[in-house]
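Enquirer: Predicted model follows, preceded by the sequence.
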Amino acid sequence: MPGYSADDSMVRVDFFKESGKWYMTEAVKFIDYARDDIQAAFRDSLREHFKDNPSRLKGMTAVCLEPYHKWAHPLMIKDW
């Protein structure tokens, strides 16, 4: 499965405002490829990505269409 960059674990995550309007895209390192709970792995990946500024993009909806996970399927977290 091709990743968002040369590193397969880097994935594209789109962020949407509460209204549903697209806001921005970020490249996020998807951690824990083999974790049973893919939703928790996505949430932890976002937390790790924003650890230096945890309030950045809070309250938005995060969408990853191609996560780097053994059971990959599109993911969405509202108000992550």
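Expert: Thanks, I have the structure now. Owing to the predicted nature of the structure, the values given are computational and were not obtained by experimental measurement. Residues are numbered from 1 along each chain as shown.

Enquirer: which residues of the protein fall in helices?
Expert: Secondary structure of the chain (DSSP state H): helices located at 38-49.

Enquirer: Tell me, how many residues neighbour Asp32?
Expert: Asp32 is surrounded by 17 other residues when neighbours are defined as other CB atoms under 10 Å. C-beta here means a position set from N, CA and C on the backbone, and glycine is covered the same way.

Enquirer: what do you get for Phe50?
Expert: By the criterion of other CB under 10 Å, Phe50 has 16 neighbours.

Enquirer: Low-confidence regions, the chain specifically.
Expert: Within the chain, the segments meeting pLDDT under 70 span 1-5.

Enquirer: could you redo the last one with a cut-off of 50?
Expert: For the chain, the stretches with pLDDT under 50 are 1.

Enquirer: quick one: the strands in it?
Expert: Listed in chain order, the strands found in the chain under DSSP state E are 10-16, 22-29, 61-64, 75-77.

Enquirer: Tell me which of those strands lies nearest to Lys51.
Expert: strand 22-29 (11.5 Å; CB to CB).

Enquirer: Tell me how far the closest one lies from the chain's centre.
Expert: Using CA atoms, centre = their mean, to the nearest Å, the distance from the centre of strand 22-29 to the centre of the chain it belongs to is 8 Å.

Enquirer: same for it, what does it pack against?
Expert: Packing contacts for strand 22-29, counted by 3 or more CB pairs under 8 Å, 6 or more residues apart in numbering; DSSP states H and E, involve strand 10-16, helix 38-49.

Enquirer: before we move on, back to that, now, of the strands of the chain, which is deepest in the fold?
Expert: Comparing the strands of the chain by mean neighbour count (mean count of other CB atoms under 10 Å), strand 61-64 comes out on top with a mean of 20.
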